[in-house]
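> Here is the input, now give the coordinates:
(chains A, B, C and D)
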Number of protein chains: 2
Amino acid sequence: MINVLLVDDQPLLRMGFRLVLETQPDIAVVGEAGDGAEAVAQVAALAPDVVLMDVRMPGMDGLEATERITRDHAGSRVLILTTFDLDEYAFAALHAGAAGFLLKNVQPAEMIAGIRTVAAGDGVVAPRLTRVLIETFTRLNRARTGSADDPRLDRLTDREREVLIEMAKGLSNAEIATELGLSEATVKTHVSRILPKLGLRDRVQAVVLAYQTGLLRPP
Amino acid sequence: MINVLLVDDQPLLRMGFRLVLETQPDIAVVGEAGDGAEAVAQVAALAPDVVLMDVRMPGMDGLEATERITRDHAGSRVLILTTFDLDEYAFAALHAGAAGFLLKNVQPAEMIAGIRTVAAGDGVVAPRLTRVLIETFTRLNRARTGSADDPRLDRLTDREREVLIEMAKGLSNAEIATELGLSEATVKTHVSRILPKLGLRDRVQAVVLAYQTGLLRPP
DNA sequence: GTAGCCGTACATCGGCCGGTGGACCTTCGC
DNA sequence: GCGAAGGTCCACCGGCCGATGTACGGCTAC
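Model prediction:
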């Protein structure tokens, strides 16, 4: 049995949801709340499996409530249900820890399926948002994995790229020499070839370039 | 009317899909393919709205086919349909440009809904994966927005932090002086205070730290 | 084969950098 | 009122850096 808490500032809407959900034998509406603060209190008292949460509410809004609930009551999972396709709300909601994000114009069957999905520990996102999520994900991941290569880097030889990477770790020429098993003179030669090729003044700018192109990335 | 191309190396499975899909008045199966190469050719010939794509196939697999299709035929959107919850396939598929990713054990109704969603330009992802996608998204985004502050940075004064940021952009002391309206001597003083506070040897390492702590981030 | 690129290595020189020590001023807290 | 902390400025010195020129062996391509 999935215990659900309804959170919305419109009593009529809560009533509608309750009627829809109670047609399902495996779903029970165990409580209601009219704002964020009340929602947090209800979650603490009732420990529902799923919280059906509106975003825009007087007082504490749904996002802050979601953040508190997911932080303090990991057992309860939050499914955001909001009016329109407000992307900023969506991303904020996911950051706040929501397990799902649906629009209020979904079919009842989809909403019910979403509740079951969230209760099972999985995630559900409105189709329009799923697309944005995928795009953002691939873009971020591409930036991380460093396929945003600067064309200038292609002009470097393999060895030069190696030296550049060591340089970008903050090593001195002598340290790079030790690291790569070279003489310091050789490293200096490489460095003196790398910088003009990349149009840079000194190794400091080389580090900047290395991070900005994704040649190196924050760990 | 949504034109669909079926891609799977098992003819029986294609037959099953075709029977299911043809119960829908707004969906038409316009072609089939048994491997990736054939799929690419069929997409070029038929320009279907949606490609229902298997991953594991002899010859060119579904991922490479997806990559080519989304690159060369932006009008056709690919919905990956694979056997089990292979996360690595999922992420690779999204990177390859897939608009959706479902498991073959979905209900027919969900698959049909997924096809409509993808045809409408939106995205659809299996619930289990949606969760991972959300987690990855929030994690990546958090890393980007730089909440991974190093406690050492707290020991810097406001002005020192300012100088550090300029330094991390690759500027020389003289340039920082101009930028902040100071004398070069002052900048040198700040730098000489910053480095020991952070336990660093030179400004190169300061740049590394700035990027690794998220004080600066790739654009 | 020979011209060219790459990788290795050296010497020298000017310049920026970083350390040290000192100085003055403002702001804040006791 | 006065010390502490932050911010601004200066001079000097040693050191690493980057530029320049030069050199040699290996490999590839023509």
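
> burial measure for the residue in chain A positioned nearest to DNA strand C, as a count.
For chain A, the residue closest to DNA strand C is A:Thr157, as judged by C-beta to the nearest atom of the strand, at 2.8 Å. For every residue, glycine as well, the C-beta is placed using N, CA and C. Using other C-beta atoms under 10 Å in any protein chain shown, A:Thr157 has 12 neighbouring residues.

> how close does it sit to A:Glu175?
21 Å (C-beta to C-beta, to the nearest Å).

> phi, psi of the residue nearest the centre of chain A?
Geometric centre of chain A, nearest residue: A:His95, 5.9 Å, by C-alpha atoms, centre = their mean. Main-chain torsions, A:His95, degrees, to the nearest 10: phi -60, psi -30.

> Does chain B have contacts with whichever helix or strand A:Leu81 is part of?
Per DSSP states H and E, A:Leu81 falls inside strand A:77-82. No. Judged by C-beta under 8 Å from any C-beta of the partner chain, strand A:77-82 stays clear of chain B, getting no closer than 10.0 Å.

> for the nearest residue to A:Leu21 once chain neighbours are set aside, what are its contacts?
Distances taken as C-beta to C-beta, 6 or more residues apart in numbering or on different chains place A:Ile27 nearest to A:Leu21, at 4.9 Å, with adjacent residues excluded. A:Ile27 makes contacts with A:1-2, A:4, A:21, A:112, A:115-116, as judged by C-beta atoms under 8 Å, 6 or more residues apart in numbering or on different chains.

> Tell me if A:Leu5 really is in a strand.
Yes. Using DSSP: H, G, I helix; E, B strand; the rest coil, the assignment for A:Leu5 is a strand.

> List the beta-bridge partners for it.
Beta-bridge pairing of A:Leu5 under DSSP bridges involves A:Gly31, A:Val51.

> contacting residues for it?
Listed by C-beta under 8 Å, 6+ apart, the contact set of A:Leu5 reads A:29-33, A:39, A:42-43, A:46, A:48, A:50-52, A:76.

> closest to A:Thr186 among the residues you listed?
Lowest distance from A:Thr186 to the contacts of A:Leu5 (C-beta to C-beta) belongs to A:Ser76, with 61.5 Å.

> May I ask you to confirm that A:Leu129 is in contact with A:Ala98?
No. With contact defined as C-beta atoms under 8 Å, A:Leu129 does not reach A:Ala98; the gap is 11.4 Å.

> Quick check on these two: which one has the bigger neighbour count.
The neighbour comparison of A:Leu129 against A:Ala98 (other C-beta under 10 Å) goes to A:Ala98, with 28 against 23.

> measure the more buried one to A:Leu21 for me?
Look at A:Ala98 and A:Leu21: by C-beta to C-beta, they are 19 Å apart.

> Which helix or strand in chain A has the lowest average pLDDT?
Least confident helix or strand of chain A, by mean pLDDT, DSSP states H and E, is helix A:127-145 with a mean of 70.

> most neighbours, which of the contacts of A:Ile27?
Neighbour counts for these (other C-beta under 10 Å) peak at A:Val4, which has 27 neighbours.

> Can you tell me what sits against stretch A:174-192?
The contact list for stretch A:174-192 (C-beta under 8 Å, 6+ apart) reads A:159-160, A:162-163, A:166-167, A:171, A:173, A:203.

> Could you rerun that using 10 Å?
Stretch A:174-192 has contacts (C-beta atoms under 10 Å, 6 or more residues apart in numbering or on different chains) with A:156-157, A:159-167, A:169, A:171-173, A:202-203, A:206, B:201.

> what is in contact with A:Leu129 and A:Ala98 at once?
Common neighbours of A:Leu129 and A:Ala98, using C-beta under 10 Å, 6+ apart, are A:Ala90.

> quick one, what contacts the residue nearest to A:Asp122 when sequence neighbours are not counted?
Nearest residue to A:Asp122 in three dimensions, chain neighbours excluded: B:Pro127, at 3.7 Å (C-beta to C-beta, 6+ apart). Counting by C-beta under 10 Å, 6+ apart, B:Pro127 touches A:99-100, A:113-114, A:116-118, A:120-125, B:102-103, B:106, B:110.

> Now which of these would you call buried?
A:99-100, A:113-114, A:116-118, A:122-125, B:102-103, B:106, B:110 (16 or more other C-beta atoms under 10 Å in any protein chain shown).

> check those against DNA strand C, which are close?
Checked against DNA strand C using C-beta under 7 Å from any atom of the strand, the buried ones among the contacts of B:Pro127 yield no neighbours at all.

> Filter these down to the ones in helices?
Residues of those located in helices (DSSP state H): A:113-114, A:116-118, B:110.

> Could you find the lowest-pLDDT member of these?
The member of these with the lowest pLDDT is B:Glu110, at 88.

> per-residue confidence for the closest residue to that one other than its chain neighbours?
Once flanking residues are discounted, B:Glu110 sits nearest to B:Leu102: 7.2 Å by C-beta to C-beta, 6+ apart. B:Leu102 is assigned a pLDDT of 90 by the prediction.

> ditto for the one 3 residues further on
In the predicted model, B:Asn105 carries a pLDDT score of 82.

> Kindly list the main-chain dihedrals of the residue of chain A most remote from its centre?
Most distant residue from the mean C-alpha position of chain A: A:Ala185, 46.1 Å away (C-alpha atoms, centre = their mean). The phi/psi pair for A:Ala185 (degrees, to the nearest 10) reads phi -60, psi -40.
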